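Q: structure of the sequence below:
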Amino acid sequence: MKKELLSLGLVGLLCLSSGISVSAADYGVAGCGFGSLIFKENKGGQQVLAATTNGTSGSQTFGITTGTLGCATDGLVQKEKVQEVFVSLNFNSLEAEMAQGKGEKLEALSGLLGCSTNGTAQLGEYTKSNFDVLYTQETTPSSLLSAVKDGIRKDAALSKSCKI
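A: This next block holds a predicted model:
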């Protein structure tokens, strides 16, 4: 696994150093990140590989945060759309992590919601204690994101720690 990640990192660095230009329109449904640089075709199988690469390498969160790896910070990729896509792609993982109040995907979502380090812990506590309200049989990725944002707005500590 470490060897694969090292290989992916080297390929990513090679792509970045070669001056490849990627705009927001150049990636498929898996989004920006190393995966979009390696797997360019917007076909199902290629996008699954791209999403897996983005998820296992953490490159998508890094790219969104820094505006690199094909991720734009200039309004081409709207913050809300990135949040929606992230929740949709990680819906099942988020369910388990929100129930526990911690986890890699929950931390990434916290970052996308503009939460500070302290806010990440607070968001984990919030999702754990409100899990039954956040996840019902009717919960969809969109309704989950909406419920989490509403919770942040209504919670005094979270609203100060997260800039949604």
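Q: center of this structure - which residue?
A: Closest residue to the average C-alpha location of the chain: Phe86 at 4.2 Å, with Cα atoms, centre = their mean.
Q: how about the helices in this structure?
A: Taking DSSP state H to define them, one finds helices in the chain at 2-17, 34-38, 44-57, 59-66, 79-89, 91-100, 104-112, 117-129, 131-134, 141-154, 156-161.
Q: TSV for those helices, including mean pLDDT?
A: Below are the helices of the chain laid out as TSV (pLDDT from 0 to 100):
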stretch	mean pLDDT
helix 2-17	42
helix 34-38	73
helix 44-57	76
helix 59-66	69
helix 79-89	88
helix 91-100	96
helix 104-112	94
helix 117-129	95
helix 131-134	95
helix 141-154	95
helix 156-161	93
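Q: out of those helices, which is the most enclosed?
A: helix 34-38 (a mean of 25; mean count of other Cβ atoms under 10 Å). C-beta here means a position set from N, CA and C on the backbone, and glycine is covered the same way.
Q: mind checking how far Pro141 is from Thr68?
A: 26 Å (Cβ to Cβ, to the nearest Å).
Q: contacts only, for Glu97.
A: Each residue near Glu97 by Cβ atoms under 8 Å, 6 or more residues apart in numbering is listed here: Gly103, Glu104, Lys105, Leu106, Thr127.
Q: redo that, cut-off 6 Å
A: Going by Cβ atoms under 6 Å, 6 or more residues apart in numbering, Glu97 touches Gly103, Lys105, Leu106.
Q: the second one reaches Leu94, doesn't it?
A: Looking back up the chat, that one is Lys105. Yes. Between Lys105 and Leu94 there is a contact under Cβ atoms under 6 Å: 5.3 Å.
Q: gap between Gly151 and Gln46?
A: From Gly151 to Gln46 the distance is 36 Å (Cβ to Cβ).
Q: tell me how many other residues surround the nearest residue to Glu125 once chain neighbours are set aside.
A: Excluding its sequence neighbours, the residue lying closest to Glu125 (Cβ to Cβ, 6 or more residues apart in numbering) is Gly101, at 5.7 Å. Around Gly101 sit 16 other residues, with neighbours defined as other Cβ atoms under 10 Å.
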